[in-house]
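Chemist: Provided below are the primary sequence and the corresponding predicted coordinates.
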Amino acid sequence: MLDQFAQELKINLFVDHPNIVKMFGFFSDRTYFYIMMEYMEEGSLYKAIKMSKKMNEEETCQKLY
């Protein structure tokens, strides 16, 4: 299972799309995997939805761009 996870991480290094948070790299130690990702100043879309409880499509799109 760890090999499959590592393969998925390698694939994500090459994903380049404005709606997907960029991944810059990853590494692991004996216990954890660490993923270096683009900083999202506004926070996550999940957090925004959780705080407002409900968003319409237009509001959701504004959070994405």
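Modeler: That came through fine.
Chemist: Any figure for the gap between the residue nearest in space to the middle of the chain and residue 31?
Modeler: For the chain, the residue nearest the mean C-alpha position is residue 21 (4.6 Å; CA atoms, centre = their mean). Spatial separation of residue 21 from residue 31 under the definition CB to CB, to the nearest Å is 24 Å. The way it works is simple: take the backbone N, C-alpha and C, and place the C-beta from them, glycine included.
Chemist: Next: residue 61.
Modeler: From residue 61 to residue 31 the distance is 39 Å (CB to CB).
Chemist: The two: who's more crowded?
Modeler: Higher neighbour count among residue 61 and residue 31: residue 61, with 11 against 5, using other CB atoms under 10 Å.
Chemist: separation between residue 24 and residue 10?
Modeler: 13 Å.
Chemist: my guess is residue 25 meets residue 38, correct?
Modeler: No. With contact defined as CB atoms under 8 Å, residue 25 does not count as touching residue 38 (11.5 Å).
Chemist: how many other residues sit next to the nearest residue to residue 12 once chain neighbours are set aside?
Modeler: Closest residue to residue 12 apart from its sequence neighbours, by CB to CB, 6 or more residues apart in numbering: residue 23 at 4.7 Å. Number of residues near residue 23 (other CB under 10 Å) recorded here: 17.
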